[in-house]
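Chemist: using only what follows, build the 3D model:
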Amino acid sequence: MRLHTTISRLSLITVVALSATSCSHKTEKNTSVHEESISVALPLVDSIVVGKTYPGYIGADRAIQIVGRVNGYLTSKNYTSGDFVKKGQLLFTIEDTQYADKVRQAQSDLETAIANNTYATNRYKAMKKALESDAVSQMDVVQAESNMNQSIASVESAKAALRTARTMLGYCRVLSPADGHISNATLNVGDYVSGEASPVNLARLFDDKVVYAIISVDEGQYIKMKDDAASPVPTVDYTRIPLSFTDSLPHSYTGNLTYVAPSVDTSTGTVKLNIKIDNPYGELKDGMYVIVNLPDYADPHAILVKDASIATDQRGKYLYTLDDSNRVVYTSIQPGELVNDSMRVVLSGLTPGQRYVTKALLKVREGMTVVPDTVR
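Modeler: Model (predicted):
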């Protein structure tokens, strides 16, 4: 009986020992699976152009005031507000009765002046011939010549008056001076236009086949741009400057820097820049808000990491990197600009050959050994 009890106790000890050994193997296996889940990558080394963003607004190539320059009632508006109109297209008509009468009066005055000139010219010729036979005096000839010259001046004056009358009559038909988009009218049909004393604004036309992004940069940025442009091999291209807008548009746009103001605004210490943009689809409107990503500098060997891999603590920005033994190392870095929306420039703290953890940042800690899964 005592022998049987001893054997039972030995069997129980053996089972417990085997169970402990089994649990130990399972724990080691689980640890191995956890280590294999760490993703790492090598920094990307690439040539980049780093830019600074500046807020600005869109300005049309020309913003033209459409005005009424005669007096009379507005008799018609010949466009739909917001339309694209062509150069020479009829926009408004203004009552023209008094101006048509003035044209007829001026034509009549011209015909009278021409008739008087014909008479005075013939009389002068006759007086000169009569002088040869002493039928008239020299004073009569001089007076006839003076009358003829006065009649010539009267003809020229009548011609000028007719041109003026026709011009004023032409102002009764207000035509578009250029192609562009036109605003709503400031007056309604039936309103009185008193434009002779001072032109009256009727609408505004925006010639926007080409528009400009207008921004202001600080004086230091301007000097940097000037120095780069003066170098034998400029490092920054200002002919295809990226642009973005508050709301996405169906098309993307870039601009060409075409104007730098000749002076610094003393109240702000900034310099005004105009960036020319082709607007073939008519999507860009005068006054629209724009963000200009102005090139700042070029780096032919920039070190780039995934922006999501960078963490922050009280000491600043850092990455988890791996040493040659696949141990996790806390690595402080100095980050730079964001590139292509997801990659961050590392200015210092990282070399191209250092692997860094890209995912599962909360699962790793400094000093732990991992099994890296290298990703691109």
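Chemist: skipping adjacent residues, who's closest to the residue minimising distance to the centre of the chain in space?
Modeler: Of all residues in the chain, the one closest to the mean position by C-alpha atoms, centre = their mean is residue 213, 3.0 Å from it. Spatial nearest neighbour of residue 213, excluding adjacent residues (C-beta to C-beta, 6 or more residues apart in numbering): residue 275 at 4.2 Å. Any C-beta I mention is one placed from the backbone N, CA and C, and that applies to glycine too.
Chemist: host element of that neighbour?
Modeler: Assigned by DSSP states H and E, residue 275 belongs to strand 270-278.
Chemist: so residue 196, which of the three states?
Modeler: At residue 196 the chain is in coil, as set by DSSP: H, G, I helix; E, B strand; the rest coil.
Chemist: which non-adjacent residue is nearest it?
Modeler: Nearest residue to residue 196, sequence neighbours excluded (C-beta to C-beta, 6+ apart): residue 71, at 5.0 Å.
Chemist: same question, residue 84
Modeler: Nearest non-adjacent residue to residue 84, counting by C-beta to C-beta, 6+ apart: residue 181, 5.4 Å away.
Chemist: what is the helix or strand containing the residue nearest to the centre of the chain packed up against?
Modeler: Per DSSP H and E: residue 213 is located in strand 200-218. Packing contacts for strand 200-218, counted by 3 or more C-beta pairs under 8 Å, 6 or more residues apart in numbering; DSSP states H and E, involve strand 44-68, strand 90-94, strand 180-182, strand 192-194, strand 254-260, strand 270-278, strand 289-306.
Chemist: just checking: what are the partner strands of it?
Modeler: Sheet pairing of strand 200-218 (DSSP bridges) gives strand 44-68 (antiparallel), strand 180-182 (antiparallel), strand 270-278 (antiparallel).
Chemist: now render the ones you listed as JSON lines, adding distance to residue 171.
Modeler: Listed next are the strands paired with strand 200-218 as JSON lines, based on distance: least, C-beta to C-beta, whole Å:
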{"stretch": "strand 44-68", "distance to residue 171": "7"}
{"stretch": "strand 180-182", "distance to residue 171": "18"}
{"stretch": "strand 270-278", "distance to residue 171": "33"}
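Chemist: got those as JSON lines, with mean pLDDT, mean neighbour count and distance to residue 190 columns?
Modeler: Converted to JSON lines, these look like this (pLDDT from 0 to 100; neighbours: other C-beta atoms under 10 Å; distance: least, C-beta to C-beta, whole Å):
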{"stretch": "strand 44-68", "mean pLDDT": "92", "mean neighbour count": "17", "distance to residue 190": "14"}
{"stretch": "strand 180-182", "mean pLDDT": "94", "mean neighbour count": "21", "distance to residue 190": "20"}
{"stretch": "strand 270-278", "mean pLDDT": "96", "mean neighbour count": "19", "distance to residue 190": "40"}
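Chemist: what's the single longest helix in this protein?
Modeler: For the chain, the longest helix by residue count, based on DSSP state H, is helix 97-132.
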